[in-house]
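[1] Mind folding the following:
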Amino acid sequence: MKKVILLVFFFACFYGYSQQTNRYTQYTLNNIGMNPAYAGSYQNKVEFMVGRRNQWYGFSGAPTTTFFSANYGYRANYSYKGWHGFSAYVEEDKVAAFTNKSAYLGYAYHMRIFTGVNLGFGLMAGIRTFGLSNAAANSLDPAFQFTKQVVRAYPDFIPGFRMYSKKMFLDVSVRQLYVNRMQQGSKKIGTSDAKLQPHYYITYGRKIHSGYNNFMFVPSVHIQSSLLAIPQVDVNCMVYYHKRIGVGANYRVNNSFSGIVQVNISKNIVAGFSYDYTTTKFRNAAANTYEFMIGVSPVMMGDEKPNKNRVANCPTFDF
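    This is a model prediction of the structure:
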């Protein structure tokens, strides 16, 4: 039985790695992971974000994804001609015997196209590695007689575009733009024809203030897919109260419902937690999926002292 489960993981993971990219329920919190053009959206401000997504919790060899991001927006002498964004992003995705690691550095340029509306263009460049080992298998099993880890490394580029204001945001980016075969010399994962397909990310959201600005509603839609596949759609709605706490729900079409809670736990620290409930028949094995993220915006020299009765500029509450 264990061999059957491992083989299912093997082929499912191979298909997932060759065709799909990572998805996050809190996509409006992991902004750099969704779009490199987000870097520098808030001038002269540093943001750090770390997060982890555990799928099928309690199931041996289940998928886990961990990421860390940092970005900084720089505007020289308050010039209104444009400003710059710099970013770094590191991510590790593990599924049974597969390990995918990636690291990027990014740059973005922002400009004001007309009053209240900004435009940003960004690009991340880095390297990704795919690893396959038999650590999760029985070493005596003849189906897993290789002893060395198979590693495939290749360059990767992520371009992005962002239009945003105090009332809306539109993000567009492409991952796995540089088409690679999952083969390096005599090392390969899957068949020699296996390729990583480019995936596009599109996110659109509105910011609606209500109740003398005590409440803010942020409905959004996220679309993610390759050009040859059926688009995967997330429909999300968050409600924030006094920029102190946010609650919301996410529906991943034909996949799951999610509950989300985001809380400002300090003047410049925000934490988010989500739990996904699978709606497909696979829920008996994959019902327990959760995601945790925490963001920090350090106080910089020259920053104005925040009002103690208000939340400082946090990565997701700074609307």
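[2] Please report how far the residue nearest the centre of the chain lies from V50.
    The centroid of the chain falls nearest to G33 when counting by C-alpha atoms, centre = their mean (3.8 Å). Distance, G33 to V50, by C-beta to C-beta, to the nearest Å: 11 Å. C-beta: built from backbone N, CA, C; applies to glycine.
[3] between these two, what contacts are shared?
    F67, S69 (C-beta atoms under 8 Å, 6 or more residues apart in numbering).
[4] how close does the residue nearest to the centre of the chain get to A125?
    Applying C-beta to C-beta, the value for G33 to A125 is 15 Å.
[5] Can you show me the CA trace of stretch 232-246 as PDB?
    Coordinates of each C-alpha in stretch 232-246 appear next as PDB, following Å, rounded to 0.1, in the frame of the first residue of the first chain:
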ATOM      1  CA  GLN A 232      -7.900  28.500 -12.100                       C
ATOM      2  CA  VAL A 233     -10.000  31.200 -10.500                       C
ATOM      3  CA  ASP A 234     -10.100  32.500  -6.900                       C
ATOM      4  CA  VAL A 235     -12.800  34.900  -5.700                       C
ATOM      5  CA  ASN A 236     -12.000  36.600  -2.500                       C
ATOM      6  CA  CYS A 237     -13.500  39.200  -0.200                       C
ATOM      7  CA  MET A 238     -11.900  40.800   2.900                       C
ATOM      8  CA  VAL A 239     -13.500  43.100   5.400                       C
ATOM      9  CA  TYR A 240     -11.200  45.300   7.500                       C
ATOM     10  CA  TYR A 241     -12.200  47.200  10.600                       C
ATOM     11  CA  HIS A 242     -10.200  50.300  11.500                       C
ATOM     12  CA  LYS A 243      -7.200  48.700   9.700                       C
ATOM     13  CA  ARG A 244      -6.700  46.600  12.900                       C
ATOM     14  CA  ILE A 245      -8.300  43.300  11.900                       C
ATOM     15  CA  GLY A 246      -9.500  41.700   8.700                       C
END
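[6] Which positions within it qualify as buried?
    If you call a residue buried by 16 or more other C-beta atoms under 10 Å, then stretch 232-246 has these buried ones: Q232, V233, D234, N236, C237, M238, V239, Y240, K243, I245, G246.
[7] Figure out how far that stretch is from the centre of its chain.
    Averaging C-alpha coordinates over stretch 232-246 and over its chain gives two centres that are 16 Å apart (C-alpha atoms, centre = their mean, to the nearest Å).
[8] Would you mind measuring from I260 to K167?
    For I260, the distance to K167 (C-beta to C-beta) stands at 21 Å.
[9] between these two, which one's more packed in?
    I260 (22 against 13; other C-beta atoms under 10 Å).
[10] Quick check: next helix or strand after the lowest-mean-pLDDT helix or strand in the chain?
    In the chain, no helix or strand scores lower on mean pLDDT, DSSP states H and E than helix 2-19, which sits at a mean of 39. Next along the chain after helix 2-19, taking DSSP states H and E as the criterion, comes helix 31-34.
[11] Name the surrounding residues that touch stretch 156-166.
    Residues contacting stretch 156-166 (C-beta under 8 Å, 6+ apart): 35-38, 41, 102, 104, 106, 108, 116-128, 169-178, 207, 319.
[12] repeat that with 6 Å
    Outside stretch 156-166, the residues that touch it by C-beta atoms under 6 Å, 6 or more residues apart in numbering are 35-37, 116-126, 128, 170-175, 177-178.
[13] How about stretch 270-282?
    Stretch 270-282 has contacts (C-beta under 6 Å, 6+ apart) with 25-26, 29, 256-265, 286-287, 289-295, 314, 316.
[14] Compute the mean per-residue pLDDT across it, please.
    Mean pLDDT, computed over stretch 270-282, is 87.
[15] send the alpha carbons of stretch 200-219 over as PDB?
    What follows is stretch 200-219, C-alpha atoms only, in PDB (Å, rounded to 0.1, in the frame of the first residue of the first chain):
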ATOM      1  CA  TYR A 200       0.100  34.000 -16.200                       C
ATOM      2  CA  TYR A 201      -1.200  35.600 -13.000                       C
ATOM      3  CA  ILE A 202      -4.000  38.200 -13.100                       C
ATOM      4  CA  THR A 203      -5.400  39.900 -10.000                       C
ATOM      5  CA  TYR A 204      -8.000  42.600  -9.800                       C
ATOM      6  CA  GLY A 205      -9.400  44.200  -6.600                       C
ATOM      7  CA  ARG A 206     -11.400  47.100  -5.400                       C
ATOM      8  CA  LYS A 207     -11.200  49.000  -2.100                       C
ATOM      9  CA  ILE A 208     -14.600  50.200  -0.800                       C
ATOM     10  CA  HIS A 209     -14.700  52.400   2.300                       C
ATOM     11  CA  SER A 210     -17.900  52.400   4.400                       C
ATOM     12  CA  GLY A 211     -19.200  53.600   7.800                       C
ATOM     13  CA  TYR A 212     -17.100  56.800   8.000                       C
ATOM     14  CA  ASN A 213     -14.100  54.800   6.900                       C
ATOM     15  CA  ASN A 214     -14.400  52.400   9.900                       C
ATOM     16  CA  PHE A 215     -14.900  49.500   7.500                       C
ATOM     17  CA  MET A 216     -13.100  48.700   4.300                       C
ATOM     18  CA  PHE A 217     -14.300  46.000   1.800                       C
ATOM     19  CA  VAL A 218     -11.700  44.500  -0.600                       C
ATOM     20  CA  PRO A 219     -13.300  42.200  -3.100                       C
END
